[in-house]
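Trainee: just the structure for this:
(chains A and B)
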2 protein chains.
Amino acid sequence: MIEHTMRIKMMKRYLPVIVLLISLGAALGLAQTDQPVIKDDFQPSTLNQLGQEYPQVNSQGYARFRIVAPQAQSVSVNLGGRGGTPLKKSDDGVWTGTTAAPLDEGFHYYHLSVDGGTFNDPGTLNFYGSVRWESGIEIPAHDREFYALKDVPHGRVQQILFPSKSTRTSRRAFVYTPPDYDKKPAKRYPVLYLQHGWGEDETAWSNQGHANLIMDNLIAEGKTKPFLIVMTYGMTNDAKIGTIASFDIKPFETVLVDELIPYIDANFRTLSDQPHRAMAGLSMGGMETKTITFNHLNAFSHIGLLSGGTISSDDVKNTPDFAKKVKLVFVSYGSRELGGNRGGGRGGFGGDPKANAEALKQAGINSVFYVSPDTAHEFLSWRRSLHELAPLLFKN
Amino acid sequence: MIEHTMRIKMMKRYLPVIVLLISLGAALGLAQTDQPVIKDDFQPSTLNQLGQEYPQVNSQGYARFRIVAPQAQSVSVNLGGRGGTPLKKSDDGVWTGTTAAPLDEGFHYYHLSVDGGTFNDPGTLNFYGSVRWESGIEIPAHDREFYALKDVPHGRVQQILFPSKSTRTSRRAFVYTPPDYDKKPAKRYPVLYLQHGWGEDETAWSNQGHANLIMDNLIAEGKTKPFLIVMTYGMTNDAKIGTIASFDIKPFETVLVDELIPYIDANFRTLSDQPHRAMAGLSMGGMETKTITFNHLNAFSHIGLLSGGTISSDDVKNTPDFAKKVKLVFVSYGSRELGGNRGGGRGGFGGDPKANAEALKQAGINSVFYVSPDTAHEFLSWRRSLHELAPLLFKN
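Mentor: Residues are numbered from 1 along each chain as shown, chains lettered A, B, ... in the order given. Below is the predicted model of the structure:
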């Protein structure tokens, strides 16, 4: 991702509940304080390592951390670069603390600062983001059923190593194949190429995004056509960490278009024509999607930009045959990203995304704009976006 | 693994070289010291995260660590429970240190102790062992080519989620399919069920073991028949960490035999008869293999115990039709595990493994005993063991 933006609207969302609880507390004769009432219903985060009790999350979205470091001078939790949650040491050398405000629903990256060093929380699983394996915590979303592991037929996530002459190595990709892929040996499938954000890698859409479970559930409900999803690393800087400013898309464009796509079409039962190939990506992956699809409209018919720019009428005018070749333009954002110019939101990036989407629709293009409620530049926005996008793909 | 045993024979292995170097140093007029001569050819470990320079390894097998933690009071590296390598802080708040002795070739788990807390090294990748995601470091082995990523056709590692009624959930397994699996849609394949050790999980044989690359390379050289490898979690204590002493194999036996095997045979193109099904495992996985194969000789024909017990003549005598049904008994250990009673080695566990293997051979059973040179109860022993075992499977 370009940056971690965690727009925690402090107190705002839960204020009515909190006011009610404080009033109730006062009515019952409990001490009334300036502190928010934090419900004592903390449960281990669903992303914790086996047997680990911490971190924990309560029903309001507060997160509570517990770190053992008896001789440490300071321990704090850094959630998405928005300052820290300092932990306090008790007499037994254990550091604990709770976030000052509820977190947004969904997945959040974080790490610890221990005596000035950056470490992961040993209680939870790690997820690749910010060009490192970070700790992760999950605030249960009210709509989490759509990406839950359910008793439905499951597709597979297949790790492949494909030859890349341009980068002189074997590169890794993951391919989601739907539940019926190995049951119907004659059937061929459309393909979505799905990219992660800056600082993430080809593991992100499965680990953080649950793309496979989203598809399994949609397919079980008959809400989407089955298709393959191909996820690979969207940069070629294997030896060095690049910055977004110095990023050159050309080497990755070569890997994707000249090497990966032919490999997938040769080794999986794909429908390999333009009408059956889509590309989408989140954040930097959206920017990659726009560049690569615009350069190769003979290869892609469906385009998805998830918190990663927009497509304007000018873009379309300047691109021959766009309206004829493109069957879907899907653009989405988390609602907290759309702050306009004042809020520093991403809405201004490439023009107002909603207005752009409307203009495309007016121009006769199948244009869909989606806003994920109460989420920022984070993975719940993108899980929901995939959930909205998938049913729209390959309908023609 | 039952425990981390890192039998670092301090100085022993490199003593002649070191004596020679010190003598040379003296002859050249250099200061002679009691310290070993540590070559200044350190390189980043091959398991480091993208762009990370540390930890590093030199050509002698010394490991060097670098941790940023400016306000910490103490930082040490704990390599396999054999005491620690204390790091020293320089004026800029950076902690560095080098192991007191070379490490064995191959993969080692480790973690940091920072002011009394247990954390991972942010420089390197994590691997599941000791019931937690641990840091990993790789000392390049002289024979590392057999598990290297090469420009050969690559098989896939497929993540599946299979339904398990007995544990009321979908369980995860990884299935290695050889390079020609998707090229030859009519071909059917034998299957090896391959288990990890205690404290590890279904990711271990791919991540730490490179089982897929070992197979890709063997197949490319024509040294083994292509077959599938199925790797799943060998315990059912999903909610609680069990100890080896209280481990009850029965629930896992049900998952493997009654649920996973039928699922694999229904969803992959397997040869599903007894002659084409093998089971092997490392450490606890070897114990599981022995119990489960002995209970189900109608299901398995090839048995591999990797640092995980032996099979004796008495075992065979007490098991009806063993000699008729079992086509291979493969037992292996790392050489440093075979210390006999004196050295605390694992040789005594279930009887002397070499003598047992010989006795089976005398009794007309296809019995192979392999010792990995200069390795302990660690993954290089098991990579090599798989490399030896695979060509022996499904020959009849």
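
Trainee: looking at it, A:V57 is touching A:F42, isn't it?
Mentor: Yes. The pair A:V57 / A:F42 is scored as a contact, 6.6 Å apart, by Cβ atoms under 8 Å. Bear in mind the C-beta positions are built from the backbone N, C-alpha and C, glycine included.

Trainee: report pLDDT for A:S246.
Mentor: Here the pLDDT value assigned to A:S246 is 71.

Trainee: re earlier: what do A:V57 and A:F42 both touch?
Mentor: By the contact definition Cβ atoms under 8 Å, 6 or more residues apart in numbering or on different chains, A:V57 and A:F42 are jointly contacted by A:R64.

Trainee: which one's more surrounded, those two?
Mentor: More neighbours sit around A:V57 than around the other of A:V57 and A:F42, counting by other Cβ atoms under 10 Å in any protein chain shown; the figures are 24 against 19.

Trainee: ok, the more buried one - contacts?
Mentor: With contact set as Cβ under 8 Å, 6+ apart, A:V57 has these partners: A:F42, A:Q43, A:P44, A:S45, A:A63, A:R64, A:I137, A:E138, A:I139, A:P140.

Trainee: go ahead and confirm the fifth one touches A:Q56.
Mentor: Think A:A63. Yes. Applying Cβ under 8 Å as the test, A:A63 and A:Q56 come out as touching, 7.2 Å apart.

Trainee: shared neighbours of the two, anything?
Mentor: Taking Cβ under 8 Å, 6+ apart as the contact criterion, the residues that touch both A:A63 and A:Q56 are A:S45.

Trainee: more neighbours: these two, which one.
Mentor: For A:A63 and A:Q56, the more surrounded residue by other Cβ under 10 Å is A:A63, and the numbers stand at 25 against 20.

Trainee: can you confirm A:A359 is in a helix?
Mentor: Yes. According to DSSP: H, G, I helix; E, B strand; the rest coil, the state of A:A359 is that of a helix.

Trainee: that one touches A:S313, doesn't it?
Mentor: Yes. Taking Cβ under 8 Å as the definition, A:A359 is a contact partner of A:S313 at 4.5 Å.

Trainee: these two: who's more crowded?
Mentor: Under the criterion of other Cβ under 10 Å, the comparison of A:A359 against A:S313 puts A:A359 first, with 19 against 16.

Trainee: show me where chain A has its helices.
Mentor: For chain A, the helices defined by DSSP state H cover A:15-27, A:204-207, A:211-220, A:250-253, A:261-267, A:284-295, A:313-317, A:322-325, A:353-362, A:379-389.

Trainee: tell me which other helices or strands the third one touches.
Mentor: Contact analysis of helix A:211-220 by 3 or more Cβ pairs under 8 Å, 6 or more residues apart in numbering or on different chains; DSSP states H and E lists strand A:169-177, strand A:228-232, helix A:379-389 as its packing neighbours.

Trainee: please tell me how far it is from the chain's geometric centre.
Mentor: Helix A:211-220 sits 16 Å away from the centroid of its parent chain (Cα atoms, centre = their mean, to the nearest Å).

Trainee: and that helix, average pLDDT?
Mentor: 98.

Trainee: which residues outside that helix are in contact with it?
Mentor: Outside helix A:211-220, the residues touching it (Cβ under 8 Å, 6+ apart) are A:145-150, A:152-157, A:176, A:178-179, A:194, A:205-206, A:224, A:226, A:229, A:231, A:383, A:386-387, A:390-391.

Trainee: next, the buried residues of it.
Mentor: By neighbour count, and taking 16 or more other Cβ atoms under 10 Å in any protein chain shown as the criterion, the buried residues in helix A:211-220 are A:A211, A:N212, A:L213, A:I214, A:M215, A:D216, A:N217, A:L218, A:I219.

Trainee: same check, this time on the fifth one
Mentor: Going by neighbour count (16+ other Cβ under 10 Å), the buried part of helix A:261-267 is A:I261, A:Y263, A:I264, A:D265, A:N267.

Trainee: mind checking pLDDT for the closest residue to the last one other than its chain neighbours?
Mentor: Yep, that's A:N267 we're talking about. Closest residue to A:N267 in three dimensions, ignoring its sequence neighbours and counting by Cβ to Cβ, 6 or more residues apart in numbering or on different chains: B:D182, at 5.7 Å. For B:D182, the pLDDT comes out at 92.

Trainee: wait, doesn't B:D182 sit right on A:F268?
Mentor: Yes. Taking contacts as Cβ under 8 Å, B:D182 lies within contact range of A:F268: 7.2 Å.

Trainee: more crowded one of these two?
Mentor: A side-by-side neighbour count of B:D182 and A:F268, using other Cβ under 10 Å, places A:F268 first with 19 against 16.

Trainee: can you give me phi and psi for that one?
Mentor: According to degrees, to the nearest 10, the main-chain angles of A:F268 amount to phi -130, psi 160.

Trainee: give the contact list for it.
Mentor: A:V175, A:T177, A:Y189, A:V191, A:L228, B:D182.

Trainee: go again with 10 Å.
Mentor: Neighbour list for A:F268: A:Q158, A:I160, A:V175, A:T177, A:Y181, A:R188, A:Y189, A:V191, A:L228, A:V230, B:D182 [criterion: Cβ atoms under 10 Å, 6 or more residues apart in numbering or on different chains].

Trainee: same deal with A:S312?
Mentor: The contact partners of A:S312, taken as Cβ under 10 Å, 6+ apart, are A:N318, A:G350, A:G351, A:D352, A:P353, A:A355, A:N356, A:A357, A:A359, A:L360.

Trainee: just the buried ones among these, please.
Mentor: Burial by neighbour count, judged by 16+ other Cβ under 10 Å, picks out A:G350, A:G351, A:D352, A:P353, A:N356, A:A357, A:A359, A:L360 from the contacts of A:S312.

Trainee: surely the third one is in contact with A:E358?
Mentor: It stands for A:D352. Yes. Judged on Cβ atoms under 10 Å, A:D352 makes contact with A:E358 at a distance of 9.2 Å.

Trainee: what touches both of A:A359 and A:S313?
Mentor: By the contact definition Cβ under 10 Å, 6+ apart, A:A359 and A:S313 are jointly contacted by A:G351, A:I365.

Trainee: just the CA trace of stretch A:77-96, in PDB.
Mentor: Output of stretch A:77-96 as PDB, limited to C-alpha atoms (Å, rounded to 0.1, in the frame of the first residue of the first chain):
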ATOM      1  CA  VAL A  77       1.900  -0.900  19.500                       C
ATOM      2  CA  ASN A  78       2.100   0.900  16.200                       C
ATOM      3  CA  LEU A  79      -1.100   0.400  14.300                       C
ATOM      4  CA  GLY A  80      -0.700   1.600  10.700                       C
ATOM      5  CA  GLY A  81       1.600   4.500  11.500                       C
ATOM      6  CA  ARG A  82      -1.100   6.500  13.400                       C
ATOM      7  CA  GLY A  83       1.000   7.000  16.500                       C
ATOM      8  CA  GLY A  84       1.200   4.300  19.100                       C
ATOM      9  CA  THR A  85      -0.700   2.600  21.800                       C
ATOM     10  CA  PRO A  86       1.700   2.700  24.700                       C
ATOM     11  CA  LEU A  87       1.600  -0.400  26.900                       C
ATOM     12  CA  LYS A  88       2.100  -0.300  30.700                       C
ATOM     13  CA  LYS A  89       4.200  -2.800  32.700                       C
ATOM     14  CA  SER A  90       2.800  -4.600  35.600                       C
ATOM     15  CA  ASP A  91       4.900  -6.000  38.500                       C
ATOM     16  CA  ASP A  92       5.300  -9.300  36.800                       C
ATOM     17  CA  GLY A  93       7.000  -7.900  33.800                       C
ATOM     18  CA  VAL A  94       4.000  -8.100  31.500                       C
ATOM     19  CA  TRP A  95       3.100  -5.100  29.300                       C
ATOM     20  CA  THR A  96      -0.600  -4.500  28.500                       C
END
